[in-house]
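Participant: Provide a 3D model corresponding to the input given below.
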Amino acid sequence: MKTNLVDVQYHATGKSTNTNEMGMRAMQARAFEKRNSQYLLVKAPPASGKSRALMFIALDKLINQRLSKVIVAVPEKTIGASFKNTDLQKYGFFADWRVESKNNLTLQGGQVRKTQAFIDFLKSDDQVIIMTHATLRFAYERIADDHVFDNVFLAIDEFHHVSASDNSVLGGALSNIIRNSSAHVMAMTGSYFRGDSVPILDPADEAMFDKVTYSYYEQLDGYKYLKSFGIGYHFYQGKYYEAIEDVLDTTKKTIIHIPNVNSSESTKQKYNEVDEILDIIGNVEGQDEETGFLLVRDKKTNNILKIADLVTETGRDTVQTALGKIESVDELDIVIALGMAKEGFDWPFAEYALTVGYRGSLTEIVQIIGRVTRDSPNKTHSQFTNLLQQPAAADDEVTYTVNNMLKAITASLLMEQVLAPEYNLKPKRSPKDKNKGNHENGDIFVGDLKVPGTQRVKDILTSDMTELKEAILTDADVQATFKAETDPAVVNKILIPKVILTKYPDLDKNELETVRQHMVASLNLPHATFETTEDSAGGSIEFIKMGSKFVNIEELDINLIDSINPFQNAFEVISRDVDVPTLKIIQRTIDANKYDFDDNELVILLDQIVEFSQNNGREPDKNSTDELERRYAFALSALRERKAKVARNNG
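Facilitator: Predicted coordinates:
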């Protein structure tokens with residue numbers, strides 16, 4: 001039985017892992033071309049070589065651009081290992097990457113000492129320092145003058161942790177450093193979205209950055225070994241570990257993420273859950289003293305499996321240390337984790353990610369997917385499977401929801417900036433819970449919405465939502481965001497409240513916020529009712545943010561669902577194959593919606609595009625720094641999309 005929700009086929013050309021005469025892979029060479037940019041944003045997937053790309057650029061900043069220092073900030077200590085001493089000259093580069101051990105602040109030690117060490121570094125002649133985002137935040141709060149960052153190269157890894165929110169110390173520090181010093185800044189991320197409505201950068205700051213984009217499609221298409229990638233959604237009833245046996249393949253190098261203890265899938269006994277999973281796999285026969293890995297005899301194959309338990313705190317430091325030293329495929333078989341082994345976790349041999357429980361953030365999903373999409377000789381296919389409680393919704397609601405999840409994930413894998421709604425499918429209640437609440441079986445719910453505290457708000461939410469929604473969607477300022485590069489926070493936090501207050505000027509601050517939250521949720525979730533109200537109205541339009549503008553997800557006319565098949569006491573959702581041509585169609589569809597072109601403008605632009613291509617020997621690049629060239633590129637996508645629609649209609 002086919003079990004992939006997505007089955008993406010790639011060419012396996014080896015291009016993305018081959019190196020040029022300077023030892024640079026494809027993404028690294030693309031980033032290095034922008035090495036003279038003062039502000040550089042690199043968006044590229046895991047395993048594309050972002051860490052080494054930073055080394056190349058940092059060394060050029062120090063040696064050829066005469067900057068005085070390099071500061072590298074990573075989100076957590078374990079990622080610091082990606083920036084250890086590295087020999088680059090033997091591969092053709094002009095210098096090696098070296099960090100003095102005293103300046104690697106991601107090693108053990110207290111935050112107070114590390115903060116002082118960073119301040120001392122700024123006053124010293126040392127050139128390179130590695131630290132966590134937290135250390136940078138704490139140190140910045142002690143720095144009175146942003147000019148200490150003059151002539152410094154500041155690199156921030158996993159940039160999606162930064163926020164333009166007023167209460168984000170790191171985001172505020174970065175904005176101040178950009179505005180008040182001569183620092184050069186490089187930001188790197190594998191997912192340029194946070195999964196919430198808070199922008200990563202202030203739009204004015206973001207406009208200052210040159211951008212390098214390298215998509216999952218380019219990365220996987222150029223791999224030497226990995227040829228396909230799949231996603232599957234499997235729904236179950238009962239306890240999740242009773243269903244794991246049916247989706248777990250112990251012959252695959254696997255990362256199992258058990259559910260968050262606060263989720264409905266969790267039994268609230270995480271250690272017992274690990275024991276249950278181990279019992280399902282086989283019999284624990286011992287533990288390796290050096291690595292801390294459990295030795296488990298697989299009841300299906302009778303082989304001894306080496307399993308790393310990252311859930312149990314006792315001995316976890318030993319296990320983590322051993323994970324960082326793995327060099328061969330036979331050293332480890334399975335990792336069981338809760339909140340770890342996601343972002344920055346490097347186990348190239350991993351080929352199967354089994355995740356239990358709904359993940360509300362696209363960022364987390366993409367990070368987990370990234371753990372198994374690294375090129376390695378041991379795998380030609382990798383898989384992400386999400387094991388979820390059977391929802392109470394009808395099959396067609398589940399199909400609709402999963403298809404939209406899939407479209408959002410696919411868009412993010414193409415390195416589009418995606419702001420997708422964080423919604424959940426309400427689990428089917430057990431018989432003993434059937435009288436709790438007022439939800440019918442067709443409900444999809446949204447958590448964390450403010451509860452209407454006044455009758456005035458209840459009346460608006462139950463009677464006026466359609467009229468209010470129409471007022472918002474026809475507002476001139478809101479409509480302008482569909483055509484311009486507008487951050488979602490501007491719409492959600494400024495424009496929508498403005499329309500609400502214009503229509504209901506008597507609302508106080510709390511009432512306005514309640515209505516705003518429900519309206520944003522309603523716009524984002526079609527066919528939805530909301531957890532905190534008894535009679536909420538459903539939405540009619542779902543938006544995801546792609547490439548700096550809102551795009552109606554319904555305009556992505558792609559149905560990725562093929563069938564719904566029995567699984568356990570519930571079902572699994574299966575899709576048709578998504579191959580490289582389909583990915584290209586998705587990318588073209590997204591690009592075609594980034595500008596509004598009328599027919600007359602497209603006719604004029606077509607001649608200009610032909611002339612541009614003849615003069616430059618290539619098609620226009622949508623990532624160009626030239627605004628006119630970008631417009632040509634998006635117009636070309638719009639022309640191709642219209643041609644494809646005509647062909648479909650005539651076919």
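Participant: Contacts only, for residue 335.
Facilitator: Listed by C-beta atoms under 8 Å, 6 or more residues apart in numbering, the contact set of residue 335 reads 254, 255, 256, 307, 308, 310, 323, 341, 347, 350. Every residue, glycine included, has its C-beta placed from N, CA and C.
Participant: Kindly confirm my reading that the fourth one is in a helix.
Facilitator: Think residue 307. No - if the criterion is DSSP: H, G, I helix; E, B strand; the rest coil, then residue 307 is strand and not within a helix.
Participant: Show me what stretch 309-329 is in contact with.
Facilitator: 78, 81, 253, 258, 270-271, 273-274, 290-294, 308, 332, 335-338, 340-341, 345-347, 349, 376-378.
Participant: want to throw the contacts of residue 335 into TSV with pLDDT and distance to residue 627?
Facilitator: TSV is the format used below for the contacts of residue 335 (pLDDT from 0 to 100; distance: C-beta to C-beta, whole Å):
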residue	pLDDT	distance to residue 627
254	97	47
255	96	43
256	96	47
307	97	54
308	96	50
310	94	47
323	91	46
341	79	42
347	92	42
350	95	42
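Participant: Show me the contacts of stretch 309-329 that map onto strands.
Facilitator: 294, 308, 335, 336, 337 (DSSP state E).
Participant: Tell me the one of those nearest residue 638?
Facilitator: residue 337 (43.9 Å; C-beta to C-beta).
Participant: residues contacting that closest one?
Facilitator: 255, 256, 257, 258, 310, 311.
Participant: go again using 10 Å as the cut-off
Facilitator: Applying C-beta atoms under 10 Å, 6 or more residues apart in numbering to residue 337 gives the contacts 255, 256, 257, 258, 274, 308, 309, 310, 311, 345, 355, 371.
Participant: quick one: which of those residues sit in helices?
Facilitator: Among the contacts of residue 337, DSSP state H puts 274, 371 in helices.
Participant: Can you pick out the most distant pair from the contacts of residue 337?
Facilitator: Across the contacts of residue 337 (C-beta to C-beta), the longest gap, 18.8 Å, separates 274 and 371.
Participant: For the two, indicate the residue with more neighbours.
Facilitator: A count of neighbours by other C-beta atoms under 10 Å puts residue 371 above the other of residue 274 and residue 371, at 27 against 22.
Participant: Surely the more buried one and residue 341 touch.
Facilitator: Yes - between residue 371 and residue 341 a contact is recorded at 6.8 Å, counting by C-beta atoms under 10 Å.
Participant: intersection of neighbour lists for those two?
Facilitator: 255, 257, 335, 347, 350, 353.
Participant: Kindly present those as TSV, with separate columns for distance to residue 86.
Facilitator: As requested, the shared contacts of residue 371 and residue 341 are exported to TSV (distance: C-beta to C-beta, whole Å):
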residue	distance to residue 86
255	26
257	30
335	25
347	19
350	23
353	28
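Participant: between those residues, which is nearest residue 98?
Facilitator: Nearest member of the shared contacts of residue 371 and residue 341 to residue 98, counting by C-beta to C-beta, is residue 347, at 26.2 Å.
Participant: ok now do that closest one, which residues does it touch?
Facilitator: 253, 255, 308, 323-324, 326, 331-332, 335, 341, 371-372, 374, 376.
Participant: Let's see that with 6 Å instead.
Facilitator: Going by C-beta atoms under 6 Å, 6 or more residues apart in numbering, residue 347 touches no other residue.
Participant: For residue 243, the count of nearby residues, please.
Facilitator: 24.
Participant: and if you look at the one 3 residues further on?
Facilitator: Other residues lying near residue 246 total 13 when counted by other C-beta under 10 Å.
Participant: Return the residues in contact with it.
Facilitator: If a contact means C-beta under 6 Å, 6+ apart, then residue 246 has no contacts.
Participant: buried ones in whichever strand or helix holds it?
Facilitator: Assigned by DSSP states H and E, residue 246 belongs to helix 240-247. For helix 240-247, burial by neighbour count (16 or more other C-beta atoms under 10 Å) applies to 240, 241, 243, 244, 247.
Participant: Residue 72 is in contact with residue 129, isn't it?
Facilitator: No - counting by C-beta atoms under 6 Å, residue 72 sits too far from residue 129 to count as a contact (7.1 Å).
Participant: Nearest to residue 53 among the buried residues of helix 240-247?
Facilitator: residue 247 (35.9 Å).
Participant: Against residue 586, how distant is the closest residue to residue 147 other than its chain neighbours?
Facilitator: Nearest residue to residue 147, sequence neighbours excluded (C-beta to C-beta, 6 or more residues apart in numbering): residue 181, at 5.6 Å. Residue 181 sits 41 Å away from residue 586, going by C-beta to C-beta, to the nearest Å.
Participant: more neighbours, those two?
Facilitator: residue 586 (21 against 18).
Participant: Many thanks, have a good one.
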